[in-house]
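S.K.: next come a sequence and a model predicted from it.
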Protein chains: 2
Amino acid sequence: MENKIITPKKLQGFWELMPKEQIYFSQMLEKLEKVFSSNCFLPLDTPILEYSETLLAKSGGETDKEVYRFSKGSTDMCMRYDLTVPLARFVSMHKDELNFPFKRYQIGKVYRGERPQKGRFREFYQCDADIIGNETLSIVADAECVSLFEKCFKALELDVEIEVSNRKLLSGYIQSINKEDKIIDILIVLDKIEKIPHDDIISMLKEIGLSENECENITKLVKTEGEFKKIEEKLKNFCKNPLFEEGLNELKELDNYLSLMGSKAVKYNLSIIRGHNYYTGTVFEGFLKGKKNLGAVGGGGRFENLCSYFSKQKMPGVGMSVGITRLFNLLMSENYFDLEKANEIDCAIITFDETFDYGIKISSILREKGIKAENFYENKTFKSKMKEANKRNINFVVIVGEDEIKEQKFTLKNMQTSEQEKLTLDEIAKKIKG
Amino acid sequence: MENKIITPKKLQGFWELMPKEQIYFSQMLEKLEKVFSSNCFLPLDTPILEYSETLLAKSGGETDKEVYRFSKGSTDMCMRYDLTVPLARFVSMHKDELNFPFKRYQIGKVYRGERPQKGRFREFYQCDADIIGNETLSIVADAECVSLFEKCFKALELDVEIEVSNRKLLSGYIQSINKEDKIIDILIVLDKIEKIPHDDIISMLKEIGLSENECENITKLVKTEGEFKKIEEKLKNFCKNPLFEEGLNELKELDNYLSLMGSKAVKYNLSIIRGHNYYTGTVFEGFLKGKKNLGAVGGGGRFENLCSYFSKQKMPGVGMSVGITRLFNLLMSENYFDLEKANEIDCAIITFDETFDYGIKISSILREKGIKAENFYENKTFKSKMKEANKRNINFVVIVGEDEIKEQKFTLKNMQTSEQEKLTLDEIAKKIKG
């Protein structure tokens, strides 16, 4: 009986790479994991599904329409939409078993049922590292996260510029002018300061209720950028408010630790807000050097209390996130990766009828030596094997004839230059690696 | 306003490791990926969700109650329950862009909504490598998968024994006695041959309709095991059936390629059936040496046509799967991993008030050199830092006093032996790595 044929389709907005792309993407993840690990962050791998009650604790159990939520039996579940809520759940459950500050990283897929559009995915990777304290957490942790973010890009061999601020500066100023009840409205306007004309910003702020003078001051504050020394000079008498002063002190401390850590890619820019209303202190965003117009490729910041929905214990945290899916797509669109050269196979073993079996042995030996050696076993003749090697753009072929087997020296041909020489398998492995 | 506190809970039956366990598990995955890659398998990372129509193509669109299936808007989706159907979907969609034989590996989570029980999970990892041919596929591919399976365990430093059969032997014999319509019933009985008494097997086979003589023959066949030479001797005149002879020839060819590949862990055992009715030729299972009673830790085999539900093109395949979640839990239960020694941190930097800042610099320098150096920045005093190092079982501490900074030689203390010496940071890194 014939099967009914179903047209195979992938779900819309779900990310899937072709093998050569995946090679580069996997290499990126591997490099990032190495950075996290050598900086003493521990791996965590939470389930993709969580109880809806847990995942939606923050929103009071209401279904957010972007979340994939469903029931099976009596269990109401959601697919995770970020890696932070599962971290909060994990830390709350295990707070008596963990060492604090608890430093963890997680690279994993998250799910958001948004309408698919260019650059937006329903399933995509997040790559997070966070440091969670028990009751207290030093500004050293903030510096670690900023520095870690810088190291991630260094490991990826990408130039990054990191712009750092501290939310207490803005919050402190807004407190000092008694507009705390309008803080969200004000931040929404200020978040657009690099995108819309100054006059429009001013009139929007006036509408919220700021005076002429306050408007000028707050935009002056937000437009402050540069080295810390310059910022300190400009802001030391800007505003007599304890929160503002705390923000400035934290920024100073951060700058000190960052320089001890050898950071080179940081500048301060008080227009960095990171909409997310959960950041409370340090905030930062990273941009590819000279490509700020492409948007941030990640960022992070300090939050007051990770676990407020799960525990009465105060657990301050600071984290960073590399926008790895976005970054990869960006690099792809700029032809950053040479897909032709993706290291699928290092060399092909080309045999004749009578040496076919010996070719199997040779590929095994070379693979043991770390060389990706492939037999084209579906191509039976010498000629068709060579043709396959050409078609696949293989750099090297190893030709195995009966004389070669007797001599235990095999012909290594460089397919780019057509140079060939007879070498032992050890020499071949060295040559290909070199 | 205080938040309502929700008790944090993980979904039942969903696997989640503590950080020290995760370190070992991640190391295992890393080793396996290296093996796959050096054997020319390409990485693939398909979405966790698929259209239900795609995922349930095989079952004619009926909901299997173990599958997590749900709708969002008008889209009917399932969470993948294995990595094979998504592979079939991927290969069918991209068959004109891929090189064949297409060799891919995938390590990923799969979902089965079974009742949770010991050793069974609703979310767990599968670790698969498959070779897919276009119309044809050489037995070399079967040998590659068996050999790859062996190499996986070698990389994990575990002794494995692989038992191999070819389903065509049993199918051929059953054909020769005209019991093809009863093949599934017969296989179900024979699958129990190592578990229940011989007489019971015989009476169950008789009930299916086999004669006394056929019962004796088929159990003799299934109980055949050992080196290939011995099996060939025993079976060369066993049964005049083309399918049976094809099976024996394939086994011979496989044995030849396996010895060329340097395989050492394989023996033949015709009682290996691998229930799955989709295997059609080579089948194999692996067991930890001397621990067959714990059950298989993986296996694989040849299938006639991967994509029969998605394409009219015939795509034969052969694959292997390491039961990585099961294996890890097994090793955990045997205390195989020394969780105390899990490499969380290599050394702690112990400072005094006045050298705290310099300690930050030192940890950065050591991390650059590949040493996981940690500052206990929440512990402010020398004494409390040392206490933390003891509590966490850290192997080494680096003591940073003002004299040490002047000299640029720091005290490295081995916490196990209490030995200490003054060394440069380079020497410290070497010592810790050594």
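M.R.: Everything's here; your move. Residues are numbered from 1 along each chain as shown, chains lettered A, B, ... in the order given.
S.K.: these two touch, right, A:Leu29 and A:Gly108?
M.R.: No: with contact defined as CB atoms under 8 Å, A:Leu29 does not reach A:Gly108; the gap is 10.5 Å. No exception for glycine: its C-beta is placed from N, CA and C like everyone else's.
S.K.: A:Gly172 and A:Glu250 touch, don't they?
M.R.: No: judged on CB under 8 Å, A:Gly172 makes no contact with A:Glu250 at a distance of 11.0 Å.
S.K.: just to revisit the earlier point, any common contacting residues for A:Leu29 and A:Gly108?
M.R.: A:Tyr125 (CB atoms under 8 Å, 6 or more residues apart in numbering or on different chains).
S.K.: strands of the stretch 151-300 of chain A, start to end?
M.R.: Read by DSSP state E, counting those that start in this stretch, the stretch 151-300 of chain A holds these strands, from start to end of the chain: A:160-166, A:225-226, A:266-269, A:279-288, A:298-303.
S.K.: which one of A:Gly172 and A:Glu250 has more residues nearby?
M.R.: Comparing A:Gly172 with A:Glu250 by neighbour count (other CB atoms under 10 Å in any protein chain shown), the higher total belongs to A:Gly172, at 22 against 19.
S.K.: that one: what's it in contact with?
M.R.: Shown in contact with A:Gly172 (CB under 8 Å, 6+ apart): A:Cys239, A:Asn241, A:Pro242, A:Leu243, A:Phe244, A:Glu245, A:Glu246, A:Gly247.
S.K.: go again using 6 Å as the cut-off
M.R.: When the contact criterion is CB atoms under 6 Å, 6 or more residues apart in numbering or on different chains, the partners of A:Gly172 are A:Asn241, A:Leu243, A:Phe244, A:Gly247.
S.K.: how about A:Phe284, what does it touch?
M.R.: A:Val146, A:Ile162, A:Val164, A:Gly299.
S.K.: how about the strand or helix carrying the first one, does it reach chain B?
M.R.: A:Val146 is located in helix A:139-155, with elements delineated by DSSP states H and E. Yes: with CB under 6 Å from any CB of the partner chain as the measure, helix A:139-155 is seen reaching chain B through A:Val140.
S.K.: how about that helix: buried residues?
M.R.: Neighbour-count burial for helix A:139-155, with 16 or more other CB atoms under 10 Å in any protein chain shown as criterion, is recorded at A:139-153, A:155.
S.K.: still on that earlier bit, which one of the contacts of A:Phe284 sits closest to chain B?
M.R.: Using CB to the nearest CB, A:Val146 is the member of the contacts of A:Phe284 that lies nearest chain B, at 12.5 Å.
S.K.: which parts of the stretch 101-250 of chain A are helices?
M.R.: A:139-155, A:167-176, A:183-190, A:198-208, A:212-222, A:228-235, A:242-260 (DSSP state H, counting those that start in this stretch).
S.K.: counting contacts, what elements does the third one pack onto?
M.R.: Here helix A:183-190 touches helix A:198-208, going by 3 or more CB pairs under 6 Å, 6 or more residues apart in numbering or on different chains; DSSP states H and E.
S.K.: for the residue nearest to A:Lys380 when sequence neighbours are not counted, give me the pLDDT.
M.R.: Nearest residue to A:Lys380, sequence neighbours excluded (CB to CB, 6 or more residues apart in numbering or on different chains): A:Asp353, at 7.6 Å. Confidence at A:Asp353, expressed as pLDDT, is 94.
S.K.: quick check, central residue of chain A?
M.R.: Among the residues of chain A, A:Val322 comes closest to the average C-alpha position under CA atoms, centre = their mean, at 2.6 Å.
S.K.: ramachandran angles for that residue?
M.R.: Reported as degrees, to the nearest 10, the phi and psi values for A:Val322 are phi -90, psi 130.
S.K.: bridging residues for it?
M.R.: Taking DSSP bridges, one finds A:Cys127, A:Gly298 as the beta-bridge partners of A:Val322.
S.K.: with A:Cys78 instead?
M.R.: On DSSP bridges, the residues paired with A:Cys78 through beta bridges are A:Glu50, A:Arg69.
S.K.: any idea how far it lies from chain B?
M.R.: 10 Å (CB to the nearest CB, to the nearest Å).
S.K.: how about the contacts made by that residue?
M.R.: Here A:Cys78 is in contact with A:Glu50, A:Ser52, A:Leu55, A:Val67, A:Arg69 (CB under 6 Å, 6+ apart).
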